[in-house]
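Participant: starting from these lines, generate the structure:
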Amino acid sequence: MPPRSRVNASRRQGRRRKEPVVKNITTYVGVDAHKKDLFVARLIGDQTTPVTWQVANEPNAVRRLVRKLEREAPGPVQMCYEAGAGV
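Facilitator: Residues are numbered from 1 along each chain as shown. Predicted coordinates:
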């Protein structure tokens, strides 16, 4: 005969949390591409003012930008890219 639980099934506590322990905070990034430069704007979570900066429109600079975003983002990254007619 298997051992019986000492806790009555009707009195067991639920183990489900109502909120997730880790919240996914999305980082939003907008990139405006020009011939020589990329203009970048970033919002993390529910921030209302973007952080903006400018990087060179070169492959190594884009790789550094991606690494920076991956390192500093607390969760997933959503990115929007806008290229002008001259790019």
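
Participant: quick check: which ranges of the protein have low pLDDT?
Facilitator: For the chain, applying pLDDT under 70 flags the ranges 1-22, 84-87.

Participant: ok, the spatially most central residue of it - contacts?
Facilitator: Compute the mean C-alpha point of the chain, and by CA atoms, centre = their mean the closest residue is P76, 2.8 Å away. Taking CB atoms under 8 Å, 6 or more residues apart in numbering, we find P76 in contact with N24, T26, T27. Backbone N, C-alpha and C define where each C-beta goes, glycine included.

Participant: likewise for A61?
Facilitator: L38, V55.

Participant: outside of the host helix or strand of Q54 itself, list whatever touches it.
Facilitator: Taking DSSP states H and E as the definition, Q54 sits inside strand 51-56. Strand 51-56 is contacted from outside by K36, D37, L38, F39, V40, A41, R42, L43, A61, V62, R64, L65, using CB under 8 Å, 6+ apart.

Participant: next SSE after it?
Facilitator: By DSSP H and E, the next helix or strand past strand 51-56 is helix 59-72.
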